[in-house]
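Chemist: got a predicted structure plus its sequence, pasted below:
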Amino acid sequence: MAEAAAEERRIVTVVFADIEGFTALAERRDPESVKELLDACFGRLVPVIATFGGHVDKIIGDELMAVFGAPIAHEDDPERAVRAALALAPALDEVDPLLRLRVGVNTGEVMAGAVGPSLGYTVTGDVVNTAHRLAAEADPGEVLVGERTRHATAARVAYELRGDLDLRGKRDKVRAWVAKGAMARPMHRGPDGSASPLVGRAREVAEIRNQVAAAMADRRVEVLAVVGEAGIGKTRLATELAVLLATKPATAQVLWASCPPYGPGGDLNPLADLVRAGLGVAPSAERGTQERLLAERVQAVAATTGTDAALLRSRLGLLLGLAPVSSRPVEPETGPARAGVTEQQLGAFCTVLAHLAGIRPLLVVIDDLHWAGPGLLRFLAQVPDRLAGHPIVVLGLARDDLLERRSVLVGAGHGRSTRTLEPLAPDAASELVLTLLGSLGDHDGPARMGPAALDRLVTAAGGNPLLVDQLVRYLVETGTLFERGGRWQWTADPAGNEADLPDGVRSLIGARLDVLPVDERLVVSYAAVFGRRFWRDAVADLSGVPDIDTLLERLAGRGLTQPIPDVGYGDHAFRHVLTRDVAYASLPIGDRATRHARVAIWLERRFEAVHDPAPIAQLAHHYERAVVLARAVDHTDPGLSEAAFSALVRAGRDAHHRHGLGRADHWYRRARDLGSFDPDQMLDVAAEHGTVLLELRQLDAARDAFEELHRRAGSHRPAVQATAAAHLGAVARLVGDVELARERFELAAAMWRVLGDVRGQIDMLRLQGWSEITVGRARAALPRFQQAVALEEQLGQSPRRGETLQYLGWCEFLTGESEAARAHLWAGMSHAHDADDQSSVRWCFGLLALILLQAGRASLCLDVSRNLRAVSSRSGDPWGEWTSATLEASALVSLDRLDEAAALAGEAENRFEELEEPWGLALSRLVQAQAARLSGALDTARAVLSQALESSRDLPYVGEDARLVAELARVELDAGRHPEAERHARGALA
């Protein structure tokens, strides 16, 4: 077992138990008597905690504090804690029935590690204090539970609401619940007709069903182990198989048992459950009824198998926890009667199975086999020999660590085989996500979700159905995943913080990480700081572990990481991003800050050494996280802060350059939040961010940004004031205040003339032209761009000349001057190429392709747009990629390849919806409508156009909806509805 990490954040459940009235009792006793009583009490209570997998953190006077989930986690720690809490009172009754316990239970995040001079391992945090306060509020004999604990255990524990309590020292009220009782058998699962969907497992079910059917038909016994990671769907698959065999029509009898993860009778419980199910002896019946039923059933078994009924009855009685029903002596057995499975009991159990198989072929499902004791495993190893010739298949379900611990049991051999259940394929995982969302949404019909968000969800869960289910439900409950307009959307934290994880996910994955050897766990913790992808050399350098390759091979063998092709983000990756997230969440904040800084420095050195540009966004992320997290624990480093600010600004500029306006906004916001000691830098960044906000049409935010910029610039920076005035003019023009816009632009022009800054005048003219073209006045914009081009020719060198020519060509295209547009676009592309402005190069190419399409050269337009799409994709420009795809779809429409066009335009629609890009959304819907109209699907075309027109108010360019209305006129004309067609045509012209 792995050692506990020196210091880490963990999700734990804390149990506080206080012996009621002990202080008053102690006042009347001698200290030695008090100690003896306490020893007796805790001698009973401590083993209860251990039985359920917790550990006693401390005993102070008459109080006991126990922790579940540290230093080793289990996926069901909250349930274990509540069961242990409920079992404490009966244990104390054995000491003195007059003593009563008050118990508080609470779940949450703590810091775990060595604390104080003694460096003893403990946990600290508000979770501990709240559990203590809950115990103080509990009535004698009561278990009071916090909300997170109740939420995690509500399916297995009955609760009664106590209410919202004012706990001492807590600012807010705490909702508390009284635990009334737990299910009699922990973790028992079976073919209960679960409604959870089985998705993507048709092949596995069919193959296992055929294997089982063949064994039964040949009257041979077989042990089949199905192994896989926790939550991969082993139980759900076995449930489906059991239902198929037990019904439609019934071809086999199915017996089901689970190995308990804790508690007494681990070896015997599954075997006893199988005997009870097979013989119909329910554990809920009165003891006398159970003994009578057992005696009756044993007679039938003895008759068909030729065994001694009395001896069989005695052995089975011991197995079931019932006294022998016969006075006939039973051969001696070593050890306590219920301590483990004896050979005699195994023989009796096999006799029952042989009898049942003689009536009907038998499928025996044993779930959670990784928790099985030696007696049960001994039985499974002997099944092929003990039950040879009987149509019995034993299906064992276990986690994949059983492959390491029980190689003989799960290996292939005589009567034995093993099947590993792999994660769901991406398509199946996507189907599961949409199925779950369909059950959680407000709209009838299948759920809809953009492909990027859907892929993000599927990737996060790594094809694990349980993680998919828990993650989807948690994101919906927290509002991170929400339905809007019939489509599910997943929002990121605007502050860039790591997303919270469901407690169940952290416990499930944390339990797996806790058993890793120390060196493997160290590798995981360093790799997690990079993200899902990481570099082998980086982890080796930063962690200092020797023999990194061997450790990575072991982690890959455990299914935790895997090598991947290095495309600039790393040469290894976590198989599940949630594994990375859980490992990262366990790091103390101070350690995260230090490691992010070291990662950023490593990235700079690594890319400098191979003469590649550093990954701008990665550097910005790691530097920013290093500073923000360090500040959270009151650490500051001015040098690191300036490096982070510079990295964030570089990332904002790079994203803006690639037309990634949303990402640019994100990075600029982070830079302004982080701040700089240089006020001039802050002014420059505020101006750049304001430009991004203007292009995003966030006009109120843009106005605020430029008004603040104008105030802060003051008289000592007149150029900044002129820039702010010009941009405030653009804001006014976009909101329709023509007079204010004119005043602002005239003010800016006058300021630039006074300064003698020709480039400032050019920038203002370009901005003025852009604002006119944005409001649908291309002819008004044309002279602005022409003046700007003329000034640039006088100036000679102008770094943004390509951009000016690009806008001029666009204006000329919109006003029908195709030849002039073509000439200026080619010239603009040449200047942009010289300035290494690849985004403008692609922009010009796209407009040239559109000119080709209008000239009837659809095939050439198709080739150009496809190349543009590929280049944009490689350049990380999603706007350019899907604008090119929409242009490609338009070319396909012209080539009468209507099905291809509709499919591609539909995919572009999904992407633009995720990008929240209304112009691209309208354009992609227009192309879909054109394809539908030309294929004769007029109703479809009309519906698509109606949807596009409903959202046309969000279009960034005024007049763009005229194209939609014109296409609607064509639809009505083709439908023979001439009055409607004329009305729409007039509307388009207006």
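Modeler: Okay, I see it.
Chemist: longest strand in this structure, please.
Modeler: strand 100-115 (DSSP state E).
Chemist: note down every partner strand of that one and its orientation.
Modeler: Applying DSSP bridges, strand 100-115 is found paired with strand 7-20 (antiparallel), strand 120-124 (antiparallel), strand 142-146 (parallel).
Chemist: pick the most deeply packed of these.
Modeler: strand 142-146 (a mean of 28; mean count of other Cβ atoms under 10 Å). (C-beta placed from N, C-alpha, C; glycine too.)
Chemist: kindly export the longest strand of the chain (C-alpha atoms) in CSV.
Modeler: C-alpha atoms of strand 100-115 as CSV (Å, rounded to 0.1, in the frame of the first residue of the first chain):
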residue,chain,number,x,y,z
ARG,A,100,-25.5,7.6,25.2
LEU,A,101,-23.6,9.1,22.3
ARG,A,102,-24.0,12.3,20.4
VAL,A,103,-22.6,11.9,16.9
GLY,A,104,-21.9,14.4,14.2
VAL,A,105,-20.8,13.5,10.6
ASN,A,106,-19.7,15.9,7.9
THR,A,107,-18.0,15.7,4.5
GLY,A,108,-15.8,18.2,2.7
GLU,A,109,-12.3,19.2,1.8
VAL,A,110,-9.5,19.3,4.4
MET,A,111,-5.7,19.7,4.5
ALA,A,112,-4.2,16.4,5.5
GLY,A,113,-0.7,15.9,6.7
ALA,A,114,1.7,16.2,9.7
VAL,A,115,0.7,19.0,12.1
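Chemist: before we move on, back to that, where among the strands paired with strand 100-115 is average confidence lowest?
Modeler: With a mean of 88, strand 120-124 has the lowest mean pLDDT of the strands paired with strand 100-115.
Chemist: tell me the helix or strand right after it.
Modeler: Downstream of strand 120-124, the first helix or strand assigned by DSSP states H and E is helix 126-137.
Chemist: just checking, what packs against that following helix?
Modeler: strand 7-20, strand 63-68, strand 100-115, strand 142-146, strand 174-182 (3 or more Cβ pairs under 8 Å, 6 or more residues apart in numbering; DSSP states H and E).
Chemist: picking that back up, please name whichever of the strands paired with strand 100-115 is nearest to Thr579.
Modeler: Thr579 sits nearest to strand 7-20 of all the strands paired with strand 100-115, at 15.0 Å, using Cβ to Cβ.
Chemist: for that closest one, C-alpha coordinates in CSV please.
Modeler: The C-alpha trace of strand 7-20 is given here as CSV (Å, rounded to 0.1, in the frame of the first residue of the first chain):
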residue,chain,number,x,y,z
GLU,A,7,0.7,17.3,2.8
GLU,A,8,-2.4,17.3,0.5
ARG,A,9,-6.0,18.5,0.1
ARG,A,10,-8.5,15.7,0.4
ILE,A,11,-12.2,15.0,0.5
VAL,A,12,-12.9,13.3,3.8
THR,A,13,-15.9,12.5,6.0
VAL,A,14,-15.3,13.3,9.7
VAL,A,15,-17.1,11.5,12.6
PHE,A,16,-17.2,13.1,16.0
ALA,A,17,-18.7,11.0,18.9
ASP,A,18,-19.2,12.5,22.4
ILE,A,19,-20.3,10.3,25.3
GLU,A,20,-23.3,12.1,26.8
